[in-house]
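*Asks:* what shape does this take:
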Amino acid sequence: MKQLLFSSAGHLAYSPGTGSIVRLNGAFSAAAGGGSAGSSGNAATQDGAAPSSPVEKGQSGDVALWGEANDFPQQVLKSLESNTILPSVLEWKTRAVYGGGVVYGRVTGFDKAGNELFERVRLPDVEAFFRRSNIPRYAYEGLQNLFTFGQSYPELILSLNRQKLTTLTTQDTAFCRYSVPKAGQAVPELVHISANWPEAKPGDEFTTSVPVLDPYYEPVEALKADTRGFKYVYPLALPSPGKALYQLASWNSIRRSGWLDVAQAIPEFKAAMFRNQLSIKYLIETDERYWKWKYPDWDTKVTEQRRQIIGDELADFEKTMTGAAGAGKSILSVSVQDPRTGESVSAFKVTAIDDKVKSGLHIEDSQEASSHIYTSLSVDPTLVGISPGKGMGAGSGSDKRIAFNNFISTHRFHQDLILEPLYLVRDYNGWPAELEFRFLNPLAQTADVSKSNTSTATGGQSDDAEPA
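*Replies:* Alright, predicted model coming up:
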């Protein structure tokens, strides 16, 4: 039997034979007789059991399918590409929550309101890691994955001697699939990465399989005990009720509700109208008696002669009614008398044709569909521009300022999730334990607030504070 590799704390072990991480659930501390042995030495501080990890049964093979055809992310992207609101608003959310980017420092205390006082610092090792990993790109792409798919797949790379984590990057969520989870596994063993789903296959030349770390239970110790390679995926996800493996972004409800289909159907319908409608502005009706009155020999004229006369009359009418040259002209209304009855008969009757396109057909439907899309994205329309419809308006400056600040204040968890792997790097690499990571968020201020107080490192500070 191959020897197990134990973590320094004795909580975990790695089995080279099965490639599994084993949770010891306090076994070392229990055998230590109340704390005389083991690295931590006190059974009272050891976990008596590992956290529960529900696993959905019924899947087999090498890949856990994401959607019935394993192409759910690709279907989502198709929906995004066909809508005018979703892509730009998802990008706006990413830019807004990213703000001024990721910074690091120390919490030196708290003000009277309980808001933390954040002091930025510069440490050579951290600076080198940020540059090598291109942390701004990591953070932006990670947020983009979270907002689009509800999950992100950061990838951590170890040094050759396994003493340091040297790089943090992130994979495109649409290119990632888990291996099929097994009963008792906290997380699937692997993430398969390919740009060719759903046709991709684990083991082919275009697919890379990377071991997965459990983000919920001592990932630093697990990584120290793990010898499956030099790179690992640390999965991040927004909680989605009832989803055991792949999470579902909340905005996806708009795809299943039918409102996204309505929003898409309206421009398709209008485009068809523009392509196919007859350009008719007026209906002109003439009385047959007019022609007999104007042309006494009308009854003796052949069809071609009559067609020529009518065409000439219509051409004269169009010169009067159309174009800028016709603006302000008068129309002579001709009446003739029926010789039999003595009745006065109008020679011409002109009726304007109602133009449904110009009258704003389906604008209300478009506005309602747009409202549902913005609601699903949890974005106030005033933040990204006017809302389609007759009642267009971008909102006041005060509305925008309040909406923006409320938006930022409700996305702390998203930021914390993206920063989570950096804490793993901090602890694994031996950086100062008090080192904290934050997003620098500019907040909208009123005009009378000093321009120097326009941003805050997310961490509970007041709106008009900035890192010292």
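*Asks:* and residue 145, that's in a helix?
*Replies:* Yes: counting by DSSP: H, G, I helix; E, B strand; the rest coil, residue 145 is found in a helix.
*Asks:* count of residues packed around it?
*Replies:* Residue crowding around residue 145 was assessed by other Cβ atoms under 10 Å; the count is 25. For the C-beta atoms, the positions are set from N, CA and C on the backbone; glycine is no exception.
*Asks:* my read is that it contacts residue 154, right?
*Replies:* No: Residue 145 is beyond contact range of residue 154, at 9.4 Å (criterion: Cβ atoms under 8 Å).
*Asks:* shared neighbours, these two?
*Replies:* Contact criterion Cβ atoms under 8 Å, 6 or more residues apart in numbering; residues shared by residue 145 and residue 154: residue 170.
*Asks:* just the element for the closest residue to residue 259 other than its chain neighbours, please.
*Replies:* Nearest residue to residue 259, sequence neighbours excluded (Cβ to Cβ, 6 or more residues apart in numbering): residue 372, at 4.2 Å. Using DSSP states H and E, residue 372 sits in helix 363-377.
*Asks:* low-confidence ranges in the chain?
*Replies:* Residues of the chain meeting the criterion pLDDT under 70: 1-42, 58, 263, 265-282, 320-339, 342, 352-366, 385-397, 443-468.
*Asks:* return stretch 285-305 as PDB; C-alpha atoms alone will do.
*Replies:* The C-alpha coordinates for stretch 285-305 follow below in PDB (Å, rounded to 0.1, in the frame of the first residue of the first chain):
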ATOM      1  CA  GLU A 285     -60.600  57.900 -55.300                       C
ATOM      2  CA  THR A 286     -62.200  59.400 -58.500                       C
ATOM      3  CA  ASP A 287     -65.700  59.400 -59.600                       C
ATOM      4  CA  GLU A 288     -66.300  58.000 -63.100                       C
ATOM      5  CA  ARG A 289     -68.600  61.000 -63.900                       C
ATOM      6  CA  TYR A 290     -65.600  63.300 -63.500                       C
ATOM      7  CA  TRP A 291     -63.900  61.800 -66.500                       C
ATOM      8  CA  LYS A 292     -67.000  62.100 -68.700                       C
ATOM      9  CA  TRP A 293     -67.400  65.700 -67.600                       C
ATOM     10  CA  LYS A 294     -63.800  66.700 -68.400                       C
ATOM     11  CA  TYR A 295     -63.600  64.600 -71.500                       C
ATOM     12  CA  PRO A 296     -66.900  64.500 -73.400                       C
ATOM     13  CA  ASP A 297     -65.600  61.800 -75.800                       C
ATOM     14  CA  TRP A 298     -64.600  59.600 -72.800                       C
ATOM     15  CA  ASP A 299     -66.900  56.800 -73.900                       C
ATOM     16  CA  THR A 300     -65.200  56.600 -77.300                       C
ATOM     17  CA  LYS A 301     -61.600  56.500 -75.900                       C
ATOM     18  CA  VAL A 302     -59.800  53.100 -75.900                       C
ATOM     19  CA  THR A 303     -58.300  51.700 -72.800                       C
ATOM     20  CA  GLU A 304     -54.700  52.900 -73.600                       C
ATOM     21  CA  GLN A 305     -56.000  56.500 -74.000                       C
END
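*Asks:* what residues sit buried inside it?
*Replies:* Across stretch 285-305, burial judged by 16 or more other Cβ atoms under 10 Å covers 286-287, 289-291, 293, 298.
*Asks:* likewise for stretch 200-210?
*Replies:* Neighbour-count burial for stretch 200-210 flags 200, 202, 207, 209-210 (criterion: 16+ other Cβ under 10 Å).
*Asks:* any chance of CSV for the residues you listed, columns secondary structure and distance to residue 93?
*Replies:* CSV is the format used below for these (DSSP: H, G, I helix; E, B strand; the rest coil; distance: Cβ to Cβ, whole Å):
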residue, secondary structure, distance to residue 93
200, coil, 29
202, coil, 33
207, coil, 31
209, strand, 31
210, strand, 28
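*Asks:* show residues contacting the host helix or strand of residue 414.
*Replies:* In the assignment (DSSP H and E), residue 414 maps to helix 412-429. Applying Cβ under 8 Å, 6+ apart, the set of residues contacting helix 412-429 from outside is 97, 102, 104, 125, 129, 135, 139, 142-143, 146-147, 152, 154, 156, 164-165, 168, 215, 219-220, 223-224, 234, 236, 238, 431-433, 435, 437-439, 458.
*Asks:* can I get it in PDB, CA atoms only?
*Replies:* Taking Å, rounded to 0.1, in the frame of the first residue of the first chain, the C-alpha atoms of helix 412-429 are listed here in PDB:
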ATOM      1  CA  ARG A 412     -19.700  43.300  -1.600                       C
ATOM      2  CA  PHE A 413     -20.100  39.500  -1.700                       C
ATOM      3  CA  HIS A 414     -19.300  39.400  -5.400                       C
ATOM      4  CA  GLN A 415     -16.100  41.300  -4.700                       C
ATOM      5  CA  ASP A 416     -15.200  39.100  -1.700                       C
ATOM      6  CA  LEU A 417     -15.700  36.000  -3.800                       C
ATOM      7  CA  ILE A 418     -13.200  37.200  -6.400                       C
ATOM      8  CA  LEU A 419     -10.700  38.100  -3.700                       C
ATOM      9  CA  GLU A 420     -11.000  34.800  -1.900                       C
ATOM     10  CA  PRO A 421      -8.200  33.000  -3.800                       C
ATOM     11  CA  LEU A 422      -5.800  35.900  -2.800                       C
ATOM     12  CA  TYR A 423      -6.200  34.900   0.800                       C
ATOM     13  CA  LEU A 424      -5.300  31.400  -0.100                       C
ATOM     14  CA  VAL A 425      -2.100  32.700  -1.800                       C
ATOM     15  CA  ARG A 426      -1.400  34.900   1.300                       C
ATOM     16  CA  ASP A 427      -1.500  32.000   3.700                       C
ATOM     17  CA  TYR A 428       0.300  29.500   1.400                       C
ATOM     18  CA  ASN A 429       3.100  32.000   0.600                       C
END
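*Asks:* how about that helix: buried residues?
*Replies:* Buried, per 16+ other Cβ under 10 Å, within helix 412-429: 414-415, 417-429.
*Asks:* what about the residue nearest to residue 259, how many neighbours?
*Replies:* 17.
*Asks:* give the contact list for it.
*Replies:* By Cβ under 8 Å, 6+ apart, the contact set of residue 372 is 254, 257, 259.
*Asks:* could those residues be laid out in TSV, adding distance to residue 306 and secondary structure?
*Replies:* Shown next, in TSV, are these (distance: Cβ to Cβ, whole Å; DSSP: H, G, I helix; E, B strand; the rest coil):
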residue	distance to residue 306	secondary structure
254	60	helix
257	60	helix
259	56	helix
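*Asks:* export these as TSV, with columns for distance to residue 407 and neighbour count.
*Replies:* Output for the contacts of residue 372, formatted as TSV (distance: Cβ to Cβ, whole Å; neighbours: other Cβ atoms under 10 Å):
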residue	distance to residue 407	neighbour count
254	18	23
257	23	12
259	22	19
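*Asks:* give me the phi and psi for residue 69.
*Replies:* When read as degrees, to the nearest 10, the backbone of residue 69 gives phi -100, psi 10.
*Asks:* what about it, how many residues nearby?
*Replies:* Neighbours around residue 69, by other Cβ under 10 Å: 11.
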